[in-house]
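[1] just to be clear, the model below is a prediction. Sequence and coordinates:
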Amino acid sequence: MHTTSTAAHPALEKTSGWINGFIGVLIFSGSLPATRLAVLEFDPVFLTVVRAAIAGALAVGLLLLFKQQRPSRHQWLSLLIVALGVVLGFPLLTALALQHVTSAHSIVFVGLLPLATAMFGVLRGGERPRPVFWIFSVLGSALVVGFALSQGLSASPTGDLLMLAAILACGLGYAEGAKLSRSLGGWQVICWALVLSLPLMTVLSLWLAPASFAGISISAWMCVAYVSLFSMLIGFVFWYRGLAQGGIAAVGQLQLLQPFFGLALAATLLHEQVSVGMLGVTLGVILCVAGAKKFAG
């Protein structure tokens, strides 16, 4: 039992939560650019199911290797919500959206994710941040959305609606997974959610697989590897642990930085145009994250 050390060092636990959360955000920042490159050569629905199938197979191996006990009966419903939110919902909706919008365009929607995560943290996680926290959270989201508007947000109503739906699904999956991590453990939550999805994802992967993979480039395969291993599994190990340690609403605010990490990657890897105004907005967002951290609870 290690609960005494957690209780004895709450400040250390929260700091650890922010570090784990930050690592998770860095890993997730590569997801949309990698998905954008992958959907140029793979069908978006096939990409969604095959990444979950690959990650699910790895999750089975981890759970067997570390001899993890099966979740209790009441935990399976929460795992189903996690699976629908982050294993199926967010990857599928973003892959579909990326057929209509650029990676840089879609990433700005991630600015709404901290707010969605915080709201679901209140609804599902029982958290009660202070009123000032919501001011910083809304302000940070407004900065990101304002930046998006300045870039010409309504390029594709279909892509925008798909991204909004993805954010809601993801916020629910994050909050539910973080709540469950307190009793089940961070890496165990994402592994069991992937295992729960594995039979369906495997069948769909085989059914939707293209007739031939001959024309697929190495870079597209590398993107599939990234979204399967890092976006679908390793990132969540850090992310769920961080949310459970530091608080869903508080640590969730780190996602405000994800659009800017992602935009930098989009500019570097995809040569998509990123405006200089991004630096000023990034600074404002960092200040909002710091304010939200201070008044989280």
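    That came in fine, so what should we check first? Because the structure is a prediction, the values reported are computed rather than measured.

[2] wait, doesn't Ile248 sit right on Glu127?
    Yes. Counting by C-beta atoms under 8 Å, Ile248 touches Glu127, with 5.7 Å between them. (Each C-beta comes from the backbone N, C-alpha and C, glycine too.)

[3] shaky segments in this structure?
    Within the chain, the segments meeting pLDDT under 70 span 1-8, 104, 107, 148, 151-155, 272-276, 278-279, 297.

[4] just to revisit the earlier point, joint contacts of Ile248 and Glu127?
    Counting by C-beta atoms under 8 Å, 6 or more residues apart in numbering, the shared contacts of Ile248 and Glu127 are Ala118, Gly121.

[5] with only the CA atoms kept, save stretch 208-222 in PDB.
    The C-alpha trace of stretch 208-222 is given here as PDB (Å, rounded to 0.1, in the frame of the first residue of the first chain):
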ATOM      1  CA  LEU A 208     -12.000  -2.500 -43.700                       C
ATOM      2  CA  ALA A 209      -8.400  -3.300 -44.700                       C
ATOM      3  CA  PRO A 210      -7.500  -2.100 -48.200                       C
ATOM      4  CA  ALA A 211      -7.000  -4.800 -50.900                       C
ATOM      5  CA  SER A 212      -3.300  -4.000 -51.100                       C
ATOM      6  CA  PHE A 213      -0.800  -2.000 -49.000                       C
ATOM      7  CA  ALA A 214       1.700  -1.800 -51.800                       C
ATOM      8  CA  GLY A 215       1.400   1.900 -52.500                       C
ATOM      9  CA  ILE A 216       1.600   3.000 -48.800                       C
ATOM     10  CA  SER A 217       4.600   5.200 -48.000                       C
ATOM     11  CA  ILE A 218       7.000   4.600 -45.100                       C
ATOM     12  CA  SER A 219       6.000   8.000 -43.600                       C
ATOM     13  CA  ALA A 220       2.300   7.000 -43.600                       C
ATOM     14  CA  TRP A 221       3.200   3.700 -41.800                       C
ATOM     15  CA  MET A 222       5.300   5.700 -39.300                       C
END
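
[6] got the buried residues for that stretch?
    Going by neighbour count (16 or more other C-beta atoms under 10 Å), the buried part of stretch 208-222 is Ala220.

[7] ok, back up a step: so which of Ile248 and Glu127 has more stuff around it?
    When neighbours are counted by other C-beta atoms under 10 Å, Ile248 comes out ahead of the other of Ile248 and Glu127, with 30 against 21.

[8] next, the nearest residue to the more buried one once chain neighbours are set aside: phi, psi?
    Closest residue to Ile248 apart from its sequence neighbours, by C-beta to C-beta, 6 or more residues apart in numbering: Gly121 at 3.3 Å. Per-residue torsions, Gly121: phi -60, psi -40 (degrees, to the nearest 10).
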